[in-house]
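K.L.:
Predicted coordinates and the sequence they were generated for:
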Amino acid sequence: MNLDAELMWLVGGVLSLLMLSSLIGWGLSRRKLSDSGRKTVDNLNARMRGWWMMTAVFGVAMATGGAGSVLLFCLTSFLALREFITLTPTHLGDHRTLFWAFFFVTPFQYYLLWVQWYGLFAVFIPVYVFLLLPMRSAAAGQTEHFLERTAKIQWGLMICVFCTSHAPAILMLLDIPGYAGQNGKLLFFFVMICELSDVLQYCFGKTLGKHPVAPTVSPGKTWEGLIGGVLATVAIGSALWWATPFNPWQAAGLCVAITLSGFGGGLVMSAIKRDRGVKDWGQAIEGHGGVLDRIDSLCFAAPMFFHLTRYYFTV
Amino acid sequence: MTPQLTASFLRLLSGARATWIGCEPESRQRVYFANHTSNLDGPVLWASLPLAVRQLTRPVGARDYWTANRLRRFFAEQVFNAVLIERKAPTARDNPIEDMLTAIGDMHSLILFPEGTRGSGPDPQPFKSGLYHLAKKRPEIELVPVLLDNMNRVLPKGELLPVPIISSVTFGSPIRLESSERRDDFLTRAREAVISMRQQ
């Protein structure tokens, strides 16, 4: 991948932000605090360790170029699907269908990305898998809750594999005039805006949050957090337009799309968790919960960002 | 080397998280007894123990299953250090209880599935008497109930290929055989100790 000056600025910015936040976390942990304050600070510091770890993994994957990024997101999809299926009550009759979903569908979607076969990449899971997987389940012969089981497996594949694969697709499948060889920077920009939006919504929500958007789904998501987080993220995103193929206004518009779909994604995934009676999808990442807890907003934002960019900015 | 790699691989595949709610992972002599739904139960429970404990803990397995081919025999003997017992036709010379007592010696722990065979329902089947006889002969050994959850989704009975569902291993409070406790009461109580962890 191209290590140009603009990318170095982005990476440097992220690292400085991480260092600054870790310093603040360290400072807070040395202060005398109430029990609940201590809990919040401990969780904050655990989250920071998680962020360092994720940034390191993402950095290494990006540095190895296309192969590393495709592999990283493939693994992410696999782990996310695993968390999703674990919390979904599937039937023993789905065993072989699930085997195909994990060990064929998931790698093949990323293989299509690797060979840059856009046509099949875009329809493989929504069309072919959608039609073929239920055939495998039906052949297994268990009809109890058949439609429910089939729908849940397909939904898991759509979110965890199909939608997630649109993030590395920014790197592999977009041919933007005047931006050749720089797509890694755009992927970095996208992931950064997604995660920044999560973090800023969390910060604004923790400090100013009063009015929950959907109290029955997620009391932690407030209007104050949403508005503050979105405005701040859009401001930062449009100020970084120089790293993207967009002008400041276009960058702002795309950041609005990323942040709003990301927020909606978080809300949808919270609704599922609430229905299943759990707080987190798993325990894979220290302080963050499962892989799916971290990428829920990215899953929903990636296809939006990919297709908007593809429609308006590629030939 | 092979045992450590196998343990890491098993933990990765099953995503098994060990939760110690009733006792701590110590290398004292114990019998870990658990519900049985999958051929991976013994290996995964074994893999979820911390290294120091794992090296002293031997899964008990059916000789007919673990010696059926060279691969299984290799894993049973070289990797899990399994105690293979005769479950089909025990005789005075081929007595499973004696084999287990010899295997425990004065430093080892055992992993035992008192149901004898894998069940497919939600609740474990009634426990066989092996656990009772062990408890009677070696009353000082702690009997730790273990609940394996989701293992039957990783590798259900009758399937060859596993699916990477996240499973969990929960260790409960040790039980002991009371001085005047009858066999069937004890076995029911032991089974309840495993089931009760599910509701928590």
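P.N.:
Received it, and whenever you're ready, just let me know what you need.

K.L.:
My read is that residue A:259 contacts residue A:228, right?
P.N.:
No: using Cβ atoms under 8 Å, residue A:259 makes no contact with residue A:228, being 11.1 Å away. (Each C-beta comes from the backbone N, C-alpha and C, glycine too.)

K.L.:
which regions of the chain lie under the pLDDT threshold?
P.N.:
I'll assume chain A. A:1-3 (pLDDT under 70).

K.L.:
The intended chain is chain B.
P.N.:
Using pLDDT under 70, the flagged stretches of chain B are B:90, B:92, B:199-200.

K.L.:
Please list the residues of it that sit near chain A.
P.N.:
B:15, B:17, B:120, B:150, B:152-153, B:156, B:159, B:161, B:163-166 (Cβ under 8 Å from any Cβ of the partner chain).

K.L.:
If we use 7 Å, what do you get?
P.N.:
B:15, B:17, B:150, B:156, B:159, B:161, B:163-166 (Cβ under 7 Å from any Cβ of the partner chain).

K.L.:
Now intersect these with the strands, please.
P.N.:
residue B:17 (DSSP state E).

K.L.:
TSV please, covering the residues of chain B next to chain A and showing distance to residue A:193 and neighbour count.
P.N.:
Formatted as TSV, the residues of chain B next to chain A follow (distance: Cβ to Cβ, whole Å; neighbours: other Cβ atoms under 10 Å in any protein chain shown):
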residue	distance to residue A:193	neighbour count
B:15	31	21
B:17	33	15
B:150	36	17
B:156	43	18
B:159	43	16
B:161	40	11
B:163	35	23
B:164	31	21
B:165	33	24
B:166	30	23
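
K.L.:
Okay, and which of the residues of chain B next to chain A map to helices?
P.N.:
Residues of the residues of chain B next to chain A located in helices (DSSP state H): none.

K.L.:
hmm, what's the outermost residue in chain B?
P.N.:
Distance to the chain centre peaks in chain B at residue B:180, reaching 26.0 Å (criterion: Cα atoms, centre = their mean).

K.L.:
And it, how far from chain A?
P.N.:
Counting by Cβ to the nearest Cβ, to the nearest Å, the gap from residue B:180 to chain A is 42 Å.

K.L.:
That residue - that's part of a strand, no?
P.N.:
No: assessed by DSSP: H, G, I helix; E, B strand; the rest coil, residue B:180 does not belong to a strand; its assignment is coil.

K.L.:
Include distance to residue A:26 when you put the residues of chain B next to chain A into CSV, please.
P.N.:
Output for the residues of chain B next to chain A, formatted as CSV (distance: Cβ to Cβ, whole Å):
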residue, distance to residue A:26
B:15, 32
B:17, 29
B:150, 38
B:156, 48
B:159, 49
B:161, 47
B:163, 42
B:164, 37
B:165, 38
B:166, 33
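
K.L.:
Just name the closest of the residues of chain B next to chain A to residue A:37, please.
P.N.:
residue B:17 (28.7 Å; Cβ to Cβ).

K.L.:
The closest one contacts residue B:170, doesn't it?
P.N.:
No: using Cβ atoms under 7 Å, residue B:17 makes no contact with residue B:170, being 9.0 Å away.

K.L.:
Overlap in contacts, the two.
P.N.:
By Cβ atoms under 7 Å, 6 or more residues apart in numbering or on different chains, residue B:17 and residue B:170 have no common neighbours.

K.L.:
what's stretch B:88-106 in contact with?
P.N.:
Outside stretch B:88-106, the residues touching it (Cβ under 7 Å, 6+ apart) are B:29, B:58, B:60, B:64, B:83, B:85-87, B:110, B:130, B:133-134, B:137-138.

K.L.:
Which ones among those map onto strands?
P.N.:
Using DSSP E, these in strands are B:58, B:60, B:83, B:85, B:110.

K.L.:
Out of these, the closest to chain A would be?
P.N.:
residue B:60 (26.0 Å; Cβ to the nearest Cβ).

K.L.:
for the closest one, which residues make a bridge with it?
P.N.:
residue B:83 (DSSP bridges).

K.L.:
which bits of chain A sit near chain B?
P.N.:
Near chain B, when you scan chain A using Cβ under 7 Å from any Cβ, you find A:82-83, A:85-86, A:92, A:95, A:98-99, A:102, A:282-283.

K.L.:
JSON lines please, covering these and showing secondary structure.
P.N.:
Shown next, in JSON lines, are the residues of chain A next to chain B (three-state DSSP):
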{"residue": "A:82", "secondary structure": "helix"}
{"residue": "A:83", "secondary structure": "helix"}
{"residue": "A:85", "secondary structure": "helix"}
{"residue": "A:86", "secondary structure": "helix"}
{"residue": "A:92", "secondary structure": "helix"}
{"residue": "A:95", "secondary structure": "helix"}
{"residue": "A:98", "secondary structure": "helix"}
{"residue": "A:99", "secondary structure": "helix"}
{"residue": "A:102", "secondary structure": "helix"}
{"residue": "A:282", "secondary structure": "coil"}
{"residue": "A:283", "secondary structure": "coil"}
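
K.L.:
Take those residues and, keeping just the buried ones, write it as a ChimeraX select command.
P.N.:
Selection of buried members from the residues of chain A next to chain B for ChimeraX, criterion 16 or more other Cβ atoms under 10 Å in any protein chain shown:
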select /A:82,83,85,86,95,98,99,102,282
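
K.L.:
farthest-separated two in the residues of chain A next to chain B?
P.N.:
A:92 and A:283 (25.3 Å).

K.L.:
Drop anything exposed from the contacts of stretch B:88-106.
P.N.:
B:29, B:58, B:60, B:83, B:85, B:87, B:110, B:130, B:133-134, B:138.

K.L.:
Excluding chain neighbours, what is closest to residue B:82?
P.N.:
residue B:76 (4.2 Å; Cβ to Cβ, 6 or more residues apart in numbering or on different chains).

K.L.:
hang on, isn't that neighbour packed against residue B:62?
P.N.:
No: proximity of residue B:76 to residue B:62 does not meet the contact threshold set by Cβ under 7 Å, at 10.0 Å.

K.L.:
Neighbour count: these two, which is higher?
P.N.:
residue B:76 (21 against 18; other Cβ atoms under 10 Å in any protein chain shown).

K.L.:
Please name the residues that touch that one.
P.N.:
Taking Cβ under 7 Å, 6+ apart as the test, what residue B:76 contacts is B:61, B:66, B:82, B:84.

K.L.:
cool, residue A:233 as well?
P.N.:
A:193, A:196-197, A:200, A:255, A:259.

K.L.:
Out of those, give me the two with the largest separation.
P.N.:
A:200 and A:255 (11.5 Å).

K.L.:
Can you name every helix or strand that the helix or strand residue A:106 falls within contacts?
P.N.:
Assigned by DSSP states H and E, residue A:106 belongs to helix A:106-114. Here helix A:106-114 touches helix A:66-87, helix A:118-123, helix A:166-172, going by 3 or more Cβ pairs under 7 Å, 6 or more residues apart in numbering or on different chains; DSSP states H and E.
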